[in-house]
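Student: structure for the following, please:
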Amino acid sequence: MKKLWSKYKQSGFRKEIDDTIWVIGLQGLNYVIPILVIPYLMVTLGAEKFGYYGFALAVCQWLMLIVDFGFNLSATKRIAVATAGKDQLTRAQETTVNIIFSNVFYAKIGLLLLSFIVLTVLAFVPQFEIYRKAMLLMFTMVVGNAFLFVFLFQGLGKIKWMSIINGIARLSVLPLTFLLVKGPNDYEVAILLQGMVSVVAAVISGVVVFKKKWARLLSVDMDGIKTEMKESWPLFVSIAATSVYTSLFVVYLGLFAESDEVGRYSAGDKLMRAAIFVAMTPALQVFYPKVSQLAKTNMNAARRLARGMLIVMAAYTALWGVALFFGSEWILSLLGKDYVGGKILFRIFSFVPIWIGVSGILGQCYLLAMGGVEGKKRFERSYLIAAMVAIISTFVLTPWMHGEGSAMAMVLTEMSVAVTMWIGIRRMKLFS
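Tutor: As a prediction, this is how the structure comes out:
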């Protein structure tokens, strides 16, 4: 213990370690209510109405990818490199931050309008008619998410604030679920409350950003907006490809399976991802900007930091996979009779965490932070290959095996992401 404490005190990454612990703690707090709320909804709404909830959420998560457009990676890195991790910025650095912030802000408004058009088209697809009202209500989540300014908080090294804001929003809105959602017919209220979390968080984040003068809006610059979108395009293509095996897996399953089976699949997917992202998201939010900065000044230090993160994340996600595999029966017993028969589905999901954890670090901390233009191309290529794997595997397995087929397709897809990224990193000689 003494040695660990000594290493921590001598570490050049004490701020990042402290921030990660803070954010994981706050994320853990942020997950306490959702961890209670989601099982409550699973039981209270029943598998059919929770299927409405899960389907609408899947569609809106896909629309959020359109609005985010990869800015949480591209703009984050540009702001982090421009500010060099300093708290006190020069006038030139402030100007750079304001330009990036404004261009991304205006781009997001245009993309939000585009996403609403896409939603309107989907809402009138005959097969999706039963989900129409649910999708429209869940769109409030997309609106709120558009103005969270995560890229700015990450780039400036203020990610603790984002976790605090999310915590306030969740703690103020989600407890209403227990008061207002009492049965299957209350699914609309449940969906609207979920969306309002993002809206409240967006309002608070806007107040914090402008009150603290971390950025200010400049006039519209179409050339600047185009430049920002051009920088983010390869990342958007990559991230959009992941929607094939996250959001769109659920949508495709909805064409072949009853809503109760969609509900069981959504439940397994959510439980599997919740424990992964409670640790992985904070770690990447804190360390991705740091590795990006180090890659400009000390590549060996950047490699050492990324390698340490890879080892820790692989160990954590492997342990969670084992827990999910052997604890599947116990989890299902807590969810109630509507979820009986999901044991095999949950056990298939247990093979996913390790691949998500490894590819998260390989993609962001190696290919994007250290790989330059070639790394960005390989990042994009990995997800395009994964999208093809996902399309082929889900088209073959989902009509035949329904939820279990979709889960197996997800395992194959996440594995392909990690393997192709690892091959690219070795060829670029980024790993040491």
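
Student: just want the phi and psi numbers for residue 359.
Tutor: Main-chain dihedrals, residue 359, degrees, to the nearest 10: phi -70, psi -30.

Student: okay, helices next: where are they in the stretch 201-350 of the chain?
Tutor: 222-242, 247-256, 259-297, 299-326, 328-335, 343-349 (DSSP state H, counting those that start in this stretch).

Student: what's around residue 297, how many residues?
Tutor: 9 (other C-beta atoms under 10 Å). The C-beta positions use only the backbone N, C-alpha and C, and glycine is treated the same way.

Student: oh, that last question was meant for residue 240, not what I typed.
Tutor: For residue 240, using other C-beta under 10 Å, the count is 19.

Student: next, the contact list for it, please.
Tutor: 65, 66 (C-beta atoms under 8 Å, 6 or more residues apart in numbering).

Student: ok so, going back, just send the helices of the stretch 201-350 of the chain back as a markdown table, with distance to residue 399 and mean pLDDT too.
Tutor: Shown next, in a markdown table, are the helices of the stretch 201-350 of the chain (distance: least, C-beta to C-beta, whole Å; pLDDT from 0 to 100):
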| stretch | distance to residue 399 | mean pLDDT |
| --- | --- | --- |
| helix 222-242 | 22 | 84 |
| helix 247-256 | 5 | 74 |
| helix 259-297 | 13 | 77 |
| helix 299-326 | 26 | 89 |
| helix 328-335 | 25 | 74 |
| helix 343-349 | 16 | 84 |
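
Student: so what's residue 188 closest to, chain neighbours aside?
Tutor: Once flanking residues are discounted, residue 188 sits nearest to residue 137: 5.9 Å by C-beta to C-beta, 6 or more residues apart in numbering.

Student: same question, residue 267
Tutor: Residue 267 sits nearest to residue 42 (C-beta to C-beta, 6+ apart), 5.4 Å away.

Student: surely the one you found and residue 264 touch.
Tutor: No: between residue 42 and residue 264 there is no contact under C-beta atoms under 8 Å: 9.1 Å.

Student: who has more neighbours out of these two?
Tutor: residue 264 (28 against 25).

Student: distance of that one from residue 41?
Tutor: For residue 264, the distance to residue 41 equals 13 Å [C-beta to C-beta, to the nearest Å].

Student: got the contact list for the nearest residue to residue 79 once chain neighbours are set aside?
Tutor: Distances taken as C-beta to C-beta, 6+ apart place residue 155 nearest to residue 79, at 2.7 Å, with adjacent residues excluded. Residues counted as contacts of residue 155 (C-beta under 8 Å, 6+ apart) are 75, 76, 77, 78, 79, 80, 82, 83, 97, 100, 289.

Student: could you dump those residues to CSV with distance to residue 148?
Tutor: Shown next, in CSV, are the contacts of residue 155 (distance: C-beta to C-beta, whole Å):
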residue, distance to residue 148
75, 13
76, 13
77, 18
78, 18
79, 15
80, 18
82, 21
83, 19
97, 17
100, 16
289, 17
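
Student: next SSE downstream of the helix or strand harbouring residue 166?
Tutor: Counting by DSSP states H and E, the element that carries residue 166 is helix 159-173. Where DSSP H and E defines the elements, the next helix or strand beyond helix 159-173 is helix 176-180.

Student: tell me the mean pLDDT for that next one?
Tutor: What helix 176-180 shows for mean pLDDT is 84.

Student: what sits up against that helix?
Tutor: Under C-beta under 8 Å, 6+ apart, the answer for helix 176-180 is 37, 40, 41, 186, 189, 190, 193.

Student: narrow those residues to those that are buried.
Tutor: 37, 40, 41, 186, 189, 190, 193 (16 or more other C-beta atoms under 10 Å).

Student: residue 90: how many residues sit nearby?
Tutor: 11.

Student: for residue 170, that is, sorry about that
Tutor: By other C-beta under 10 Å, 20 other residues sit near residue 170.

Student: distance of it relative to residue 283?
Tutor: Distance of residue 170 to residue 283, given as C-beta to C-beta: 20 Å.

Student: thinking again about what came up before, element containing the residue nearest to residue 267?
Tutor: Residue-wise, residue 42 maps onto helix 14-68 under DSSP H and E.

Student: can I get the contacts of helix 176-180 in TSV including pLDDT and distance to residue 92?
Tutor: What follows is the contacts of helix 176-180, written out as TSV (pLDDT from 0 to 100; distance: C-beta to C-beta, whole Å):
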residue	pLDDT	distance to residue 92
37	75	46
40	81	51
41	82	49
186	86	54
189	88	50
190	87	48
193	88	44
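
Student: and which of these is nearest to residue 174?
Tutor: Taking C-beta to C-beta as the measure, residue 174 lies nearest residue 37 of the contacts of helix 176-180, at 5.3 Å.

Student: next up, the contacts around that closest one.
Tutor: Counting by C-beta under 8 Å, 6+ apart, residue 37 makes contact with 174, 177, 178.

Student: thinking again about what came up before, mind listing what's buried along the helix holding residue 166?
Tutor: In terms of neighbour count (16+ other C-beta under 10 Å), helix 159-173 has its buried residues at 159, 160, 161, 162, 163, 164, 165, 166, 167, 169, 170, 173.

Student: for the helices of the stretch 201-350 of the chain, which one sits closest to residue 203?
Tutor: helix 259-297 (20.9 Å).

Student: tilt between that closest one and helix 299-326?
Tutor: 160 degrees (axes from the mean of the first three to the mean of the last three C-alpha atoms, to 10 degrees).

Student: now residue 131. Nearest residue, chain neighbours left out?
Tutor: For residue 131, the spatially nearest residue (C-beta to C-beta, 6+ apart) is residue 55, at 4.9 Å.

Student: and the pLDDT at the one you found?
Tutor: So, for residue 55, pLDDT stands at 82.

Student: that one: neighbour count?
Tutor: 25.

Student: got the contact list for stretch 261-269?
Tutor: With C-beta under 8 Å, 6+ apart, stretch 261-269 has contacts from 38, 42, 46-51, 53-55, 57-58, 246, 249-250, 253-254, 257, 335, 338-339, 341-342, 345-346, 349, 402-403, 406-407, 410.

Student: can you flag the buried ones in the residues you listed?
Tutor: Buried among the contacts of stretch 261-269 by 16+ other C-beta under 10 Å: 38, 42, 46-51, 53-55, 57-58, 246, 249-250, 253-254, 257, 335, 338-339, 342, 345-346, 349, 402-403, 406-407, 410.
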